[in-house]
Each structure stands twice: as structure tokens, then as C-alpha cells.
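**Q** Give me a 3D structure for the following:
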Amino acid sequence: TAVIASDFGFSATDGVVQGEFIPAAFKRRGKNDTPPSVWELDVSQPGNFCYFVGEESKVSLWRSDASKTSLLFIQNGVDEYKMSWRATRHTRVWPQKKIELISGEYLIGIGDALNQVIIQQISKPADSSKEAVAQVLREAGCTQQAEMLDKTDTNLSI
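**A** Now for the predicted structure:
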């Protein structure tokens, strides 16, 4: 489904060209090509992202290229937040006091590139093994996180 920038209240003065939404493509660099944690949302990737009920504080934002300071933009259709993301920092805590982390559709961008991300709050499984958590993530449509968890050699502490 195409996302129109005007659906999110953007205008040409916001530095966003109105029209069909095109996912941002970022160049990956070196060994920092994936987030170090399943709970770090890769701002360069559109798709689904899940977190557990009551664990909003564990969610962070991640970028692969931290070579320069960039503008981070988050909008959920109602609220929006812009902040500077300092060079050398790959991660940032989700700015919960500025834009509440809730289930829904978001536009998340860095610089001039925007990605559509569906964020879902899900229930933690009774079995906290990485296999059980991966299955819950997969069932919720958060396959990138589930695949990342499948590839880890250690147990997940949740």
C-alpha cells in the first residue's frame, strides 16, 4: 500500500516531497550492519517492530551509519518529534517523554529519508526461551526481529 506524505500532515516546507512513499535505502557499512539487540529498531528499515507490554524502556532506535550528526524524525499520525542524533552514536533511547511508544503506524526518518514502521505492543510469552520469543514475534509479523533472534547463540534475557 502506498503511503502519501500528506496522510501524515507533511508539506513541502517540512522537507518532504508529497507523493508516493518510497522506503529509504541506506548503505550498510562494516560489521555494524545490524542492530546489536532485538529491541533496537533499525531506522533504515521499513516493516514491523514489536515490543513487550510494559517494556517500553527497553526499546531503542539504531542506525548503521553514525559518521555524522543527523536529524531524527518520528511521527505517529498524531504527534511528531524531531531531534538531533549526534555523530558516533549508533543508538538512542526511544524518546518516550516526547512521543509515546504505542502500537500503531509511524514514519521514522533520519535526514531526508523516511520509512513506514508498524509498531506493535505484544504480550510476553510464559516461556521466555529464545525459541518461544521468536515464535511470538513471528506470529505478530515481526519477522526481522525473529530472524535476528534465531541467529543468536545466547539465551535471551527478557
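**Q** Residue for residue, what is the longest strand this structure has?
**A** What stands out as the longest strand in the chain, according to DSSP state E, is strand 113-122.
**Q** Show me which residues of that one are buried.
**A** For strand 113-122, the neighbour count (16 or more other Cβ atoms under 10 Å) marks 113, 114, 115, 116, 117, 118, 119, 121, 122 as buried. (Glycine included, C-beta is placed from N, CA and C.)
**Q** what separates the third one from residue 127, distance-wise?
**A** Right, the one you point to is residue 115. 32 Å (Cβ to Cβ, to the nearest Å).
**Q** now the fifth one
**A** Shown here: residue 117 relative to residue 127, a distance of 27 Å by Cβ to Cβ.
**Q** Could you do the first one as well?
**A** Residue 113 sits 38 Å away from residue 127, going by Cβ to Cβ.
**Q** Could you pull out the strands in this protein for me?
**A** Using DSSP E, the strands assigned to the chain run over residues 40-42, 47-52, 60-62, 70-75, 80-85, 91-93, 104-110, 113-122.
**Q** Looking at the ones you listed, which is nearest to residue 133?
**A** strand 47-52 (8.9 Å; Cβ to Cβ).
**Q** which one in the buried residues of strand 113-122 is the model shakiest on?
**A** Ranked by pLDDT, the buried residues of strand 113-122 bottom out at residue 113, which scores 84.
**Q** Show me what that one is bridged to.
**A** residue 110 (DSSP bridges).
**Q** do you know how far it is from residue 63?
**A** 11 Å.
**Q** can I assume residue 37 is in contact with residue 60?
**A** Yes. Judged on Cβ atoms under 8 Å, residue 37 makes contact with residue 60 at a distance of 7.2 Å.
**Q** residue ranges for the helices of the chain, please.
**A** With helices called from DSSP state H, the chain shows them at 130-139, 143-150.
**Q** Turn these into JSON lines, columns for mean pLDDT, distance to residue 107 and mean neighbour count.
**A** JSON lines is the format used below for the helices of the chain (pLDDT from 0 to 100; distance: least, Cβ to Cβ, whole Å; neighbours: other Cβ atoms under 10 Å):
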{"stretch": "helix 130-139", "mean pLDDT": "95", "distance to residue 107": "22", "mean neighbour count": "18"}
{"stretch": "helix 143-150", "mean pLDDT": "93", "distance to residue 107": "18", "mean neighbour count": "18"}
